[in-house]
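1. mind looking at a prediction? Sequence and model below.
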Amino acid sequence: MSEPIFTIKPNTMSSETSTPYTPASTSTTGNEAVTLADEIKKYKTEALIEYLQKEEDLGLDDDDLEIFRKQKITGRAFLKTSKEEFERYGMLGGPATVLADFAKECKEKKLKAFSSYRSLRDVLADYGYVSDGIEAIPLFSPPAYVIRDDDKYFEECITEINKRLRDYGTLRPDSLEAMRNEYVASILHTALHIVRDETEKEFSMRPQHEIIGEKSSGRVDYAIKV
């Protein structure tokens with residue numbers, strides 16, 4: 001989601017609370033670093049196209065990307081495709097050369113797994129912030145939408161949260177991550193339903209979604225895409 005639409009603020013809330021930072025869970029293969037190619041080879045065709053579109057310096061246009069669809073090129077196939085093969089598929093020499101070079105760079109580029117960082121300070125330092133807390137990260141300020149008390153999704157969410165409070169007891173900052181995530185998932189699903197109705201846009205949410213950055217890679221607890 002490239003641009004926030006708005007935040008959702010229940011009108012029954014009278015104060016704001018915060019909890020200490022807890023790193024998102026990650027999965028690794030036992031190595032602290034993987035190559036960018038290790039991540040790209042997991043992509044199906046549409047995921048690969050979406051990734052390549054974000055690499056603006058590649059200069060690809062719709063015709064170039066349509067070749068990926070027509071030839072059903074996945075991430076694994078892309079990494080093995082040569083300049084000559086791209087040209088045989090109908091691509092011009094310029095983008096064919098750029099893509100072949102980019103595939104080679106992906107095989108050599110190392111990514112550090114988020115799980116290998118020892119502290120939040122180390123994570124922030126890699127991205128140019130000197131701090132021990134998330135307050136150093138710039139926040140966005142989308143417009144707020146106040147939820148009605150009788151909103152059906154809001155009522156369902158409160159019912160689910162009350163059920164969990166009865167079963168689990170009071171949620172504390174030191175509660176297990178799996179327990180916290182059950183509450184978070186309920187709130188996020190509710191927010192998506194409300195925003196979907198208000199904006200008439202389609203959203204999807206993926207738990208434990210793989211994120212690939214310029215320097216690091218790893219899984220975030222939840223990723224939301226419009």
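-> Right, received. Where do you want to start? Numbers count the residues shown, from 1 in each chain.
2. element containing P173?
-> P173 is part of no helix or strand when elements are defined by DSSP states H and E.
3. pull the number of nearby residues for it.
-> Residues contacting P173 under the criterion other CB atoms under 10 Å number 10. C-betas here are computed from N, CA, C, even on glycine.
4. show me where pLDDT drops low in the chain?
-> In the predicted model, the chain carries pLDDT under 70 at residues 1-33, 114-115, 212-217.
5. would you list the phi and psi of the residue of it most remote from its centre?
-> Within the chain, R88 marks the point farthest from the mean C-alpha position, 34.4 Å out by CA atoms, centre = their mean. Backbone torsions of R88, given as degrees, to the nearest 10, read phi -70, psi -30.
6. could you do the one 10 residues further on as well?
-> Summarising the backbone geometry of V98 under the convention degrees, to the nearest 10, its torsions are phi -60, psi -40.
7. correct me, but it touches D61?
-> No. In this structure V98 lies outside contact range of D61 using CB atoms under 8 Å: 11.9 Å.
8. neighbour count for those two, which is higher?
-> Neighbour count, other CB under 10 Å: between V98 and D61, V98 has more, with 19 against 9.
9. for that one, give me its contacts.
-> Neighbour list for V98: L58, G59, L60 [criterion: CB atoms under 8 Å, 6 or more residues apart in numbering].
10. hmm, try it at 7 Å
-> Counting by CB atoms under 7 Å, 6 or more residues apart in numbering, V98 touches L58, G59.
11. against K225, how distant is it?
-> Distance from V98 to K225, counting by CB to CB, to the nearest Å: 27 Å.
12. and E155, by the same measure?
-> Counting by CB to CB, the gap from E155 to K225 is 27 Å.
13. could you do K72 as well?
-> 23 Å.
14. send the alpha carbons of the lengthiest helix in the chain over as CSV?
-> Longest helix in the chain, counting residues (DSSP state H): helix 177-199. Output of helix 177-199 as CSV, limited to C-alpha atoms (Å, rounded to 0.1, in the frame of the first residue of the first chain):
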residue,chain,number,x,y,z
GLU,A,177,3.5,-12.7,21.1
ALA,A,178,1.0,-15.4,19.9
MET,A,179,-1.5,-14.2,22.4
ARG,A,180,-1.1,-10.5,21.4
ASN,A,181,-1.4,-11.5,17.7
GLU,A,182,-4.9,-12.9,18.3
TYR,A,183,-6.1,-9.5,19.4
VAL,A,184,-4.1,-7.7,16.6
ALA,A,185,-5.6,-10.0,13.9
SER,A,186,-9.2,-9.3,15.1
ILE,A,187,-8.6,-5.5,15.1
LEU,A,188,-6.9,-5.5,11.7
HIS,A,189,-9.6,-7.6,10.0
THR,A,190,-12.2,-5.3,11.4
ALA,A,191,-10.3,-2.2,10.2
LEU,A,192,-10.1,-3.7,6.7
HIS,A,193,-13.8,-4.4,6.5
ILE,A,194,-14.7,-0.9,7.6
VAL,A,195,-12.1,0.7,5.2
ARG,A,196,-13.3,-1.5,2.3
ASP,A,197,-16.9,-0.3,2.8
GLU,A,198,-15.8,3.3,3.1
THR,A,199,-13.5,3.4,0.1
